[in-house]
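[1] the following block contains a protein sequence and its predicted model.
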Amino acid sequence: DVKVTQSSRYLVKRTGEKVFLECVQDMDHENMFWYRQDPGLGLRLIYFSYDVKMKEKGDIPEGYSVSREKKERFSLILESASTNQTSMYLCASRYRDRGGTDTQYFGPGTRLTVL
Amino acid sequence: GNSVTQMEGPVTLSEEAFLTINCTYTATGYPSLFWYVQYPGEGLQLLLKATKADDKGSNKGFEATYRKETTSFHLEKGSVQVSDSAVYFCALGRSAGGSYIPTFGRGTSLIVHP
């Protein structure tokens, strides 16, 4: 079974703090993604990575950065957390199933509250 | 660009009712289409998928057919249960070379009452 794990299920931080959200997948997938999920807005792509040390901006990268030093780990960094970054953060990796279809596998999510 | 539009929720049904959640898309090329489900407090799980026109994806009593002529992928279930209460996301994915480009709808909340 594909496993995507996220370091925390719930996190509470203060405005201005530097925040690290970690995501690990155990299936040697090359592509990994970070989304945020907000009511009424669905999933919005923040950043994605095609391979180690490679990253691409998604639709809403402002206020975020990412790090991919090892293939299995993709970190999302909030350099200076703000209250409007309170959200659910979802990590995903891309895998190709036996039929050749690319699909995403998601982690359980981290609910971040910035006070 | 690619986009996915799904009906707004919440959809509220009684147990054993018939469910339809509408989803339409715009995309270049020939995307794969997906339905994901998110139960309370959890991440998204793949529910079903279809990779080409007229394909029908099915899982756990849910079905959706890839309709290229109407650019739709509506989710249906003949008899819903309370345990089906969740948020459902329609999505499309395009693979181009080494890259994978996903696009999600905004999600539709389903509430099933006993």
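    Perfect, I can see it now. Residues are numbered from 1 along each chain as shown, chains lettered A, B, ... in the order given.
[2] and stretch A:96-111, how far from the chain's centre?
    13 Å (C-alpha atoms, centre = their mean, to the nearest Å).
[3] and it, which residues are buried?
    Neighbour counts over stretch A:96-111 (16 or more other C-beta atoms under 10 Å in any protein chain shown) mark A:101-111 as buried. For the C-beta atoms, the positions are set from N, CA and C on the backbone; glycine is no exception.
[4] for chain B, what lies in contact range of chain A?
    B:32, B:34, B:36, B:41-46, B:49, B:51, B:89, B:93, B:95, B:98-100, B:102, B:104-107 (C-beta under 8 Å from any C-beta of the partner chain).
[5] just the buried ones from the residues you listed, in ChimeraX syntax?
    Those of the residues of chain B next to chain A that count as buried under 16+ other C-beta under 10 Å are selected in ChimeraX with:
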select /B:32,34,36,43,44,46,49,51,89,93,95,100,102,104,105,106,107
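[6] check contacts around residue 81.
    You didn't say which chain, so I picked chain A. By C-beta atoms under 8 Å, 6 or more residues apart in numbering or on different chains, the residues touching A:Ala81 are A:13-19, A:112, A:114.
[7] wait, I meant chain B there
    B:15-16, B:112.
[8] for the chain, longest strand please?
    With no chain named, the answer covers chain A. Using DSSP state E, we find that the single longest strand of chain A is strand A:87-96.
[9] that was the other one, I meant chain B.
    Longest strand in chain B, counting by DSSP E: strand B:86-96.
[10] run through who's touching the very next helix or strand once past that one.
    Proceeding N to C from strand B:86-96, the next assigned helix or strand is strand B:99-104, under DSSP states H and E. For strand B:99-104, contacts defined as C-beta under 8 Å, 6+ apart pick out A:31, A:33, A:42-43, A:45, A:50, A:94, A:102, A:104, B:2-4, B:25, B:27, B:36, B:89-95.
[11] now these: which count as buried?
    By 16+ other C-beta under 10 Å, these give A:31, A:33, A:42-43, A:45, A:50, A:94, A:102, A:104, B:4, B:25, B:27, B:36, B:89-95 as buried.
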